[in-house]
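Asker: Would you be able to build a 3D model of this:
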Amino acid sequence: MKKFDDLEHVAQVLGDGGPFNPDTEYETVGELVDDLIDLGNTDEVYVQHDDHLGLKDELSPEFLNSPLSDVDDKFEDQVEAVLEQANIIIPLSERELSEDDLEEIEEDKKYRGVDDDD
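Answerer: I've put the predicted structure just below:
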């Protein structure tokens, strides 16, 4: 399993030619966090992990508006919060789904009242 140690590595996997949002270059931390949360909201991730839902609430506007290339040490705790979620969300999104996973996703959707036709 990949271990993300910095935001630039997360940005490279999520965008910048990665498999999720190819050719997306993130200017700010907020843009990166938004895409990470969107990935976390996909069925294959959400059925296993939903702790990312409150992530932006934990992060300061100053951090979110910071240029991705210029995040300094004063945001260390917030960087760690983003990396913690990336280290969970990205591997979950890349895994091969089993029949049990698919059934669990359908059950979760029914529980949440999500209709596939919406």
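Asker: Going by C-alpha atoms from here, please, whenever you check contacts or count neighbours.
Answerer: Will do.
Asker: Output the strand or helix carrying residue 11 as PDB, restricted to C-alpha atoms.
Answerer: Taking DSSP states H and E as the criterion, residue 11 maps to helix 7-14. Taking C-alpha atoms only, helix 7-14 is exported to PDB below (Å, rounded to 0.1, in the frame of the first residue of the first chain):
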ATOM      1  CA  LEU A   7       0.600  16.900  -0.200                       C
ATOM      2  CA  GLU A   8       2.600  17.100  -3.500                       C
ATOM      3  CA  HIS A   9       2.500  13.300  -3.700                       C
ATOM      4  CA  VAL A  10      -1.300  13.200  -3.100                       C
ATOM      5  CA  ALA A  11      -1.700  15.900  -5.800                       C
ATOM      6  CA  GLN A  12       0.400  13.900  -8.200                       C
ATOM      7  CA  VAL A  13      -1.800  10.800  -7.700                       C
ATOM      8  CA  LEU A  14      -5.100  12.600  -7.700                       C
END
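Asker: Quick one: list the elements packing against the helix or strand following it.
Answerer: Scanning forward in sequence from helix 7-14 by DSSP H and E, the next helix or strand is helix 29-40. With contacts defined as 3 or more Cα pairs under 8 Å, 6 or more residues apart in numbering; DSSP states H and E, helix 29-40 has these neighbours: helix 7-14, helix 61-64, helix 76-94.
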